[in-house]
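Novice: Sequence first, then the predicted structure:
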Amino acid sequence: MGIAPDQPKAAQMYKHAADQGLATAQYSLGYCCMLGIGVAHDVVAAARYLRLVADQGFADAQCLLGFLCEHGKGTKRDLGEAMRLYRAAAAQCNMGA
(Lines give C-alpha, C1' and ligand atoms only; values in the text may rest on other atoms or scores of the structure.)
Protein backbone atom coordinates (compact mmCIF):
# COMPACT_ATOMS: atom_id res chain seq x y z
CA MET A 1 0.00 0.00 0.00
CA GLY A 2 0.98 3.65 0.16
CA ILE A 3 1.77 5.98 -2.65
CA ALA A 4 4.02 5.00 -5.54
CA PRO A 5 7.08 7.23 -5.95
CA ASP A 6 6.68 9.85 -8.66
CA GLN A 7 10.11 11.36 -9.25
CA PRO A 8 9.05 13.76 -12.03
CA LYS A 9 6.25 15.12 -9.81
CA ALA A 10 8.67 15.50 -6.89
CA ALA A 11 11.14 17.39 -9.11
CA GLN A 12 8.30 19.61 -10.33
CA MET A 13 7.36 20.41 -6.74
CA TYR A 14 11.01 21.10 -5.85
CA LYS A 15 11.21 23.49 -8.81
CA HIS A 16 8.12 25.35 -7.70
CA ALA A 17 9.47 25.73 -4.15
CA ALA A 18 12.99 26.53 -5.41
CA ASP A 19 11.60 29.33 -7.57
CA GLN A 20 10.06 30.76 -4.38
CA GLY A 21 13.53 30.83 -2.78
CA LEU A 22 13.27 27.82 -0.46
CA ALA A 23 16.88 26.75 0.13
CA THR A 24 16.15 23.07 0.83
CA ALA A 25 14.17 22.83 -2.40
CA GLN A 26 16.99 24.52 -4.33
CA TYR A 27 19.41 21.96 -2.93
CA SER A 28 17.09 19.04 -3.68
CA LEU A 29 16.45 20.24 -7.22
CA GLY A 30 20.18 20.74 -7.80
CA TYR A 31 20.79 17.21 -6.58
CA CYS A 32 18.05 15.86 -8.86
CA CYS A 33 19.49 17.73 -11.85
CA MET A 34 22.98 16.47 -11.07
CA LEU A 35 21.85 12.84 -11.04
CA GLY A 36 18.93 13.03 -13.47
CA ILE A 37 16.33 12.05 -10.88
CA GLY A 38 12.87 13.03 -12.12
CA VAL A 39 14.39 15.54 -14.55
CA ALA A 40 16.84 15.40 -17.42
CA HIS A 41 20.47 15.07 -16.34
CA ASP A 42 21.70 18.69 -16.42
CA VAL A 43 24.86 19.54 -14.49
CA VAL A 44 24.71 23.19 -15.58
CA ALA A 45 21.31 23.56 -13.88
CA ALA A 46 22.61 21.55 -10.93
CA ALA A 47 25.54 23.93 -10.48
CA ARG A 48 23.20 26.94 -10.74
CA TYR A 49 20.83 25.67 -8.04
CA LEU A 50 23.63 24.44 -5.80
CA ARG A 51 25.36 27.85 -6.09
CA LEU A 52 22.20 29.56 -4.80
CA VAL A 53 22.21 27.39 -1.70
CA ALA A 54 25.99 27.21 -1.21
CA ASP A 55 26.08 31.01 -1.11
CA GLN A 56 23.61 30.84 1.78
CA GLY A 57 26.05 28.63 3.73
CA PHE A 58 24.34 25.25 3.20
CA ALA A 59 27.20 22.77 3.81
CA ASP A 60 25.86 19.90 1.69
CA ALA A 61 25.47 22.24 -1.28
CA GLN A 62 28.96 23.63 -0.72
CA CYS A 63 30.36 20.11 -0.81
CA LEU A 64 28.51 19.09 -3.99
CA LEU A 65 29.29 22.36 -5.74
CA GLY A 66 32.92 21.94 -4.70
CA PHE A 67 32.92 18.58 -6.46
CA LEU A 68 31.45 20.12 -9.62
CA CYS A 69 34.04 22.93 -9.54
CA GLU A 70 36.87 20.48 -8.90
CA HIS A 71 35.91 18.36 -11.91
CA GLY A 72 34.61 21.09 -14.23
CA LYS A 73 31.10 19.63 -14.37
CA GLY A 74 28.40 22.19 -15.13
CA THR A 75 30.80 25.01 -14.40
CA LYS A 76 34.35 25.91 -15.29
CA ARG A 77 37.02 23.91 -13.51
CA ASP A 78 38.24 26.02 -10.62
CA LEU A 79 40.34 24.25 -8.02
CA GLY A 80 40.61 27.36 -5.84
CA GLU A 81 36.83 27.71 -5.68
CA ALA A 82 36.47 23.97 -5.04
CA MET A 83 38.89 24.23 -2.11
CA ARG A 84 37.07 27.28 -0.73
CA LEU A 85 33.75 25.42 -0.89
CA TYR A 86 35.18 22.26 0.66
CA ARG A 87 36.69 24.29 3.50
CA ALA A 88 33.43 26.11 4.12
CA ALA A 89 31.59 22.78 4.27
CA ALA A 90 34.26 21.22 6.49
CA ALA A 91 34.02 24.18 8.90
CA GLN A 92 30.40 23.08 9.42
CA CYS A 93 31.53 19.49 10.06
CA ASN A 94 30.32 18.19 6.70
CA MET A 95 31.73 14.66 6.48
CA GLY A 96 31.93 14.72 2.66
CA ALA A 97 34.23 17.73 2.66
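Specialist: Happy to help now that I have it.
Novice: Val39 is in what secondary structure piece?
Specialist: Here Val39 is covered by no helix or strand, with elements defined by DSSP states H and E.
Novice: Check the gap between the nearest residue in space to it that is not next to it in sequence and Ser28 for me.
Specialist: Leaving aside its chain neighbours, Val39 sits nearest to Ala11 (4.6 Å; criterion: Cβ to Cβ, 6 or more residues apart in numbering). For every residue, glycine as well, the C-beta is placed using N, CA and C. Counting by Cβ to Cβ, to the nearest Å, the gap between Ala11 and Ser28 amounts to 8 Å.
Novice: Same question for Gly36.
Specialist: With distances defined as Cβ to Cβ, the gap from Gly36 to Ser28 amounts to 14 Å.
Novice: Low-confidence regions, the protein specifically.
Specialist: The model of the chain has pLDDT under 70 over residues 1, 97.
Novice: For the helix or strand where Tyr31 lies, which helices and strands make contact with it?
Specialist: Using DSSP H and E, Tyr31 falls within helix 23-35. Secondary-structure packing of helix 23-35 (3 or more Cβ pairs under 8 Å, 6 or more residues apart in numbering; DSSP states H and E): helix 7-19, helix 43-54, helix 59-71.
Novice: now do 6 Å
Specialist: helix 7-19, helix 43-54 (3 or more Cβ pairs under 6 Å, 6 or more residues apart in numbering; DSSP states H and E).
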